[in-house]
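Novice: Any chance you can model this:
(chains A, B, C and D)
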Protein chains: 2
Amino acid sequence: MRILVADDHDLVRETIAAFLEHEGFEEVCQAATLQDAMEMVGTTGSFDLALIDFDMPGMQGLEGLRRMMLVNQGRPVALMSGAATPAIAEQALAMGAAGYVPKTLSSKSMVAAARFMVAGETFAPMSLLKREVPNNDAFLSPRELDVLRGICDGKSNKEIARDYDLQEVTVKLHVKTMSRKLAAKNRTHAAMIARDRKLL
Amino acid sequence: MRILVADDHDLVRETIAAFLEHEGFEEVCQAATLQDAMEMVGTTGSFDLALIDFDMPGMQGLEGLRRMMLVNQGRPVALMSGAATPAIAEQALAMGAAGYVPKTLSSKSMVAAARFMVAGETFAPMSLLKREVPNNDAFLSPRELDVLRGICDGKSNKEIARDYDLQEVTVKLHVKTMSRKLAAKNRTHAAMIARDRKLL
DNA sequence: TATTCCTCTATTCTTTCGGATAGGTCCATA
DNA sequence: TATGGACCTATCCGAAAGAATAGAGGAATA
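Specialist: Prediction:
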C-alpha cells in the first residue's frame, strides 16, 4: 500500500503524510514538486494512490495532473487543493482523476477519502457539488433575477421586456447592473456565472 | 460510534453489519423495517450513522428517508439501494441525506463511505455524478467547440478570433452554424445548452 | 425627515451580433 | 475524379447589446 503526497507546503504535506501513516498506510512518500513526484514514480514504481496539489510548482493548471496520471499507469491520482474552484475540481474528475480532495477536509475525512480512492472508487466531497448558495442573499434584486432568468433562457432584452411588461431600456439597465454585480463581462458570461453558482 | 443498518433482506443486512463491525465500528445495530429502525432510535438514542434501504417496508419512497432523518436529530442518514435510479439518489441528497450507497459497492468502499459519512461529509459514488456524454461525438466540429468554449467564457467574437488566430467573420460563422446544430437562439442560449449537456 | 435602494424611463452613441451571400482551400471517401 | 465536409475569408446590412448620463417615483429605514 504505497501512497504519494505531493505538495510544496512542507507543513501541509507532512501533516497529511503523518495522518495517513498513523491511520495505517504503510508507505507514504512525499514530494514537493511535480517533477519530484514524477521522478519518484519512475524510480520506485507506481503508487496505489497519489495525492497531488493543484498549486504546486510544475503543475501548469491541470496539465500536471494529466501527466501524473499518465506516469502512474492508471492507478488512482487525486487532486488536492486549498482554493481550487468547483469548476476545476469537476474538470479534474472529468479527465479521470480519482478524486478531488479539498484541504479543508477534516483529517478523518481525508483518511476516509484516501481509503476510498485506494479501493478504486472515485471521490469528491459533495460540498462541491451541493449547491453553495450562502452568497446569494439580496445580492441581486428580484428584478435582476427575473432578467437573469430570461438571459439564461436565451431571450433577447426585447423579449424579456415583453415578458415582464417593461421597456427594453429598463431591461438593459438591469442587465448592466447585474453583470457588474456578478463581475461578468456580458450577458452570456453572466448566464454562465449564474448557472455555476446555481443562483437562478 | 453507533451505526444502524436497516434492510429487510437478512443476508444483505447481516453482511453489511458484519463488515462494519469487522472494520472497527463498535456498535452496529440492525433493523428490518423502517418502523423497527425508528423505534430503535427512540429507545436507544440517535445514531452516528444510519444506513437505510430504499426498498424496505415502510419506506414509501423517499418519505421514509425524510422521517428517519427527522428522528435521528440531524445526524447523518444515508440511503442504500440495489436498484434506485440516479434521479432518486439525487433527490435524496437534495433533501439532505448524508449519502447514497449503492449495494453494488465493494465492501471496502462501503466501509470507507461509512467512515466518511460518520465524519460529517456527504457521500455519493461518482458513477452518479459522472455525466453521461455519449451523445456529443462529432456533433460539433473541433473548431466549433473552440468557439463554444470561448463563448462560455464570455468572450466576444473578436477575442475568440484573436485566441485562435482567426478572422472575426470566421468566428461568426462558427457561432451561427454551431447555434443551429444546438438549436440555440443565440450565443448565450448555446452556452447554456452546452453547459447543460456538459459538452464543453 | 433625509437617505438609501429598487424601480422605471429616456436619449444618445458605439460596439457587437446575427444573418445572408459568395467565394476559396484542404481532405477524405465514394 | 467528384462529392461533401470542415475550414477559412470577404462584404454588407440590420438588429441587438452595451455604455454613459440624466431623471423620477416608491418603499423602507435611520
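Novice: With residue B:5 as the reference, measure out to the single nearest residue of chain A relative to DNA strand C.
Specialist: Using C-beta to the nearest atom of the strand, the closest approach of chain A to DNA strand C is made by residue A:141 at 2.7 Å. Just so you know, the C-beta spots here come from the backbone N, C-alpha and C atoms, and that holds for glycine as well. Between residue A:141 and residue B:5 the distance is 49 Å, computed by C-beta to C-beta, to the nearest Å.
Novice: ok, now residue A:3?
Specialist: Distance of residue A:3 to residue B:5, given as C-beta to C-beta: 30 Å.
Novice: more neighbours, the two?
Specialist: Comparing residue A:3 with residue B:5 by other C-beta atoms under 10 Å in any protein chain shown, the one with more neighbours is residue B:5, at 27 against 23.
Novice: Using the three-state scheme, assign that one.
Specialist: strand (DSSP: H, G, I helix; E, B strand; the rest coil).
Novice: got the residues of chain A near DNA strand C?
Specialist: Counting by C-beta under 7 Å from any atom of the strand, chain A comes close to DNA strand C at A:138, A:141-144, A:164, A:166-167, A:169-170, A:173-174, A:186.
Novice: Considering those residues, which possesses the most neighbours?
Specialist: residue A:174 leads the residues of chain A next to DNA strand C on contacts (other C-beta under 10 Å) with 25 neighbours.
Novice: List the contacts of the closest residue to that one other than its chain neighbours.
Specialist: Leaving aside its sequence neighbours, residue A:174 sits nearest to residue A:147 (C-beta to C-beta, 6 or more residues apart in numbering or on different chains; 4.3 Å). By C-beta atoms under 8 Å, 6 or more residues apart in numbering or on different chains, residue A:147 lies in contact with A:160, A:171, A:174, A:175, A:178.
Novice: try it again with 6 Å
Specialist: Listed by C-beta atoms under 6 Å, 6 or more residues apart in numbering or on different chains, the contact set of residue A:147 reads A:160, A:171, A:174, A:175.
Novice: can you give me the helices in chain A?
Specialist: Ranges of helices in chain A, per DSSP state H, are A:10-22, A:34-44, A:63-71, A:86-94, A:107-118, A:126-129, A:142-152, A:157-164, A:168-182, A:187-197.
Novice: so which of these is the most packed in?
Specialist: Highest mean neighbour count among those (mean count of other C-beta atoms under 10 Å in any protein chain shown): helix A:107-118, with a mean of 24.
Novice: shouldn't residue A:109 be in contact with residue B:121?
Specialist: Yes: if you go by C-beta atoms under 6 Å, residue A:109 and residue B:121 touch, sitting 4.9 Å apart.
Novice: Make sure residue A:52 is actually in contact with residue A:8.
Specialist: No: look at residue A:52 against residue A:8 with C-beta under 6 Å: they stay out of range, at 10.5 Å.
Novice: higher neighbour count, the two?
Specialist: In this view residue A:52 and residue A:8 are compared by other C-beta under 10 Å, and residue A:52 has more residues nearby, 27 against 17.
Novice: who's in contact with the closest residue to the more buried one other than its chain neighbours?
Specialist: Excluding the flanking residues, the one nearest residue A:52 by C-beta to C-beta, 6+ apart is residue A:6, at 4.3 Å. Counting by C-beta under 6 Å, 6+ apart, residue A:6 touches A:31, A:37, A:52.
Novice: Out of those residues, which comes closest to residue A:79?
Specialist: residue A:52 (6.4 Å; C-beta to C-beta).
Novice: and chain A, which residues reach chain B?
Specialist: Neighbours of chain B within chain A, by C-beta under 6 Å from any C-beta of the partner chain: A:106, A:108-109, A:112, A:115-116, A:119, A:121-122, A:125-126, A:152, A:154, A:185-189, A:191-192, A:195.
Novice: and chain A, which of its residues are near DNA strand D?
Specialist: Going by C-beta under 7 Å from any atom of the strand, the residues of chain A near DNA strand D are A:156-158, A:168-169, A:172-173, A:175-176, A:179, A:185-188.
Novice: Next, format these as TSV and append pLDDT.
Specialist: TSV is the format used below for the residues of chain A next to DNA strand D (pLDDT from 0 to 100):
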residue	pLDDT
A:156	93
A:157	93
A:158	92
A:168	91
A:169	91
A:172	93
A:173	93
A:175	93
A:176	92
A:179	90
A:185	91
A:186	92
A:187	94
A:188	95
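Novice: returning to what we had before: I'd like the distance between the residue of chain A closest to DNA strand C and chain B.
Specialist: 21 Å (C-beta to the nearest C-beta, to the nearest Å).
Novice: ok, now residue A:102?
Specialist: Applying C-beta to the nearest C-beta, the value for residue A:102 to chain B is 10 Å.
Novice: Report the beta-bridge partners for that residue.
Specialist: residue A:81 (DSSP bridges).
Novice: Out of the helices of chain A, the one nearest residue B:23 is which?
Specialist: helix A:107-118 (9.8 Å).
Novice: give me the low-pLDDT residue ranges for chain A?
Specialist: Counting by pLDDT under 70, chain A contains low-confidence residues at A:86, A:94, A:126-138, A:198-200.
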